[in-house]
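Enquirer: got a sequence here, can you build the structure:
(one chain, ligands or ions: 1)
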Amino acid sequence: MHIDIITIFPGMFRGFLEESIANRAQQKGLAEIVIHNLRDYSIDKRKSVDDYAFGGGPGMVMTPQPLVDCIESLQKERKYDEIIFLTPDGELFTQALANELSMKNNIAMVCGHYKGIDQRVRDGWITREISIGDYVLSGGELPAAVLTDALVRLIPGVISDESSALSDSFQGDLLDAPVYTRPADFRGMKVPEVLVSGDFAKIAEWLYQASAEKTKKRRPGMIDE
Ligand code: ADE
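Expert: Below you'll find the predicted structure:
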C-alpha cells in the first residue's frame with residue numbers, strides 16, 4: 001500500500017513514522033508512506049497556503065492552487081483509489097471503513113487547517129471525506145496518522161500475529177474481553193480461575209461471556225445491531 005500525506009506540518013509525522021507499526025510496515029516493504037510539504041507547492045513568495053474567506057467571517061481558508069498543484073503532481077506518479085480529506089464534517093471513521101480502505105493500493109490524504117480548504121478542491125479532487133470523531137482538532141495531521149495506523153496494521157504480514165488484528169474489538173460483534181498476563185497473583189489481585197484452568201472450552205465460554213457483558217454495559221447499540 002502506498003500512502004501520500006499532504007500537510008503544512010510534515011514534522012508532526014516524524015515520530016509516528018519512525019516508531020511502531022508504520023515503521024515496521026515500511027521496513028517489511030508492505031507499506032510506503034510519504035509526507036509532502038504543501039508549502040513546497042505554493043507559488044507565492046511568502047509560501048502562503050491560505051487566504052481570507054469570501055463573504056467574510058473568522059478564520060482563513062486553504063487556497064486551491066497549492067493543494068491542486070500538489071495533488072496533480074502526485075497523480076502523475078500514480079492513480080489513486082481514494083483522495084481523502086480529513087475533516088470533522090466527513091463520514092465517521094469506523095473499523096468497517098478501515099477494513100475497506102486497507103484493501104486499496106494507493107491513497108492520498110489531505111490535512112486541512114484553519115477554516116478548512118476551498119470547497120472547489122473538495123468538489124473537484126477529493127473522493128472521500130472522513131472524520132475520526134465528533135470533536136474538532138486543530139488540523140488533519142493527527143486524523144491522518146490515525147487512519148494510516150488503522151489501515152497499515154490490517155495489511156497481512158504487518159502484525160506478526162495476524163489473528164490478533166482480526167480478534168480486535170469492533171472486528172466482530174463484541175468488544176474485547178479483558179486480558180491478563182503473569183503474575184497470576186499481583187498484590188493479591190488474582191487472575192480469574194478459569195483462565196489458568198487449562199480447560200479451553202470453559203475459557204472460550206468465559207471470554208465470550210466477558211465480551212458480551214462489557215459490550216452490553218459500554219456499547220448497548222452494538223448488541224441491538
Ligand atoms: N480535522 C479537525 N478535526 C477533525 C476530526 N475530528 N476528524 C478529521 N479531521 C479533523
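Enquirer: near the ligand, which residues of the protein?
Expert: Neighbours of the ligand within the chain, by Cβ under 6 Å from any ligand atom: 86, 87, 88, 131, 132, 133, 135, 136, 137, 140, 143. Any C-beta I mention is one placed from the backbone N, CA and C, and that applies to glycine too.
Enquirer: apply 8 Å and report the result again.
Expert: With Cβ under 8 Å from any ligand atom as the criterion, the chain comes near the ligand at residues 86-88, 90, 93, 111-112, 130-140, 142-143.
Enquirer: pull the longest helix seen in the chain out as CSV, backbone CA atoms only.
Expert: Residue-count comparison of every helix in the chain, with assignments taken from DSSP state H, identifies helix 200-218 as the longest. C-alpha atoms of helix 200-218 as CSV (Å, rounded to 0.1, in the frame of the first residue of the first chain):
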residue,chain,number,x,y,z
PHE,A,200,-10.1,-24.5,26.7
ALA,A,201,-13.9,-24.9,26.2
LYS,A,202,-14.5,-23.2,29.6
ILE,A,203,-12.0,-20.5,28.7
ALA,A,204,-13.7,-19.8,25.4
GLU,A,205,-17.1,-19.6,27.1
TRP,A,206,-15.7,-17.2,29.8
LEU,A,207,-14.2,-15.0,27.1
TYR,A,208,-17.5,-14.8,25.2
GLN,A,209,-19.5,-14.0,28.3
ALA,A,210,-17.0,-11.3,29.4
SER,A,211,-17.1,-9.8,25.9
ALA,A,212,-20.9,-9.8,25.9
GLU,A,213,-21.1,-8.3,29.3
LYS,A,214,-18.7,-5.5,28.6
THR,A,215,-20.4,-4.7,25.2
LYS,A,216,-23.9,-4.6,26.9
LYS,A,217,-22.6,-2.2,29.5
ARG,A,218,-20.5,0.1,27.3
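Enquirer: just give me how far the helix or strand following it sits from the chain centre.
Expert: The element immediately downstream of helix 200-218 (helix or strand, assigned by DSSP states H and E) is helix 220-224. In terms of Cα atoms, centre = their mean, to the nearest Å, the gap separating the centre of helix 220-224 from the centre of its chain is 24 Å.
Enquirer: for helix 220-224, packing partners?
Expert: With contacts taken as 3 or more Cβ pairs under 8 Å, 6 or more residues apart in numbering; DSSP states H and E, helix 220-224 sits against helix 200-218.
Enquirer: phi and psi next, for the most centrally placed residue in the chain.
Expert: The residue lying closest to the centre of the chain (Cα atoms, centre = their mean) is residue 147, at 1.3 Å. Note on residue 147: its backbone torsions stand at phi -60, psi -50 [degrees, to the nearest 10].
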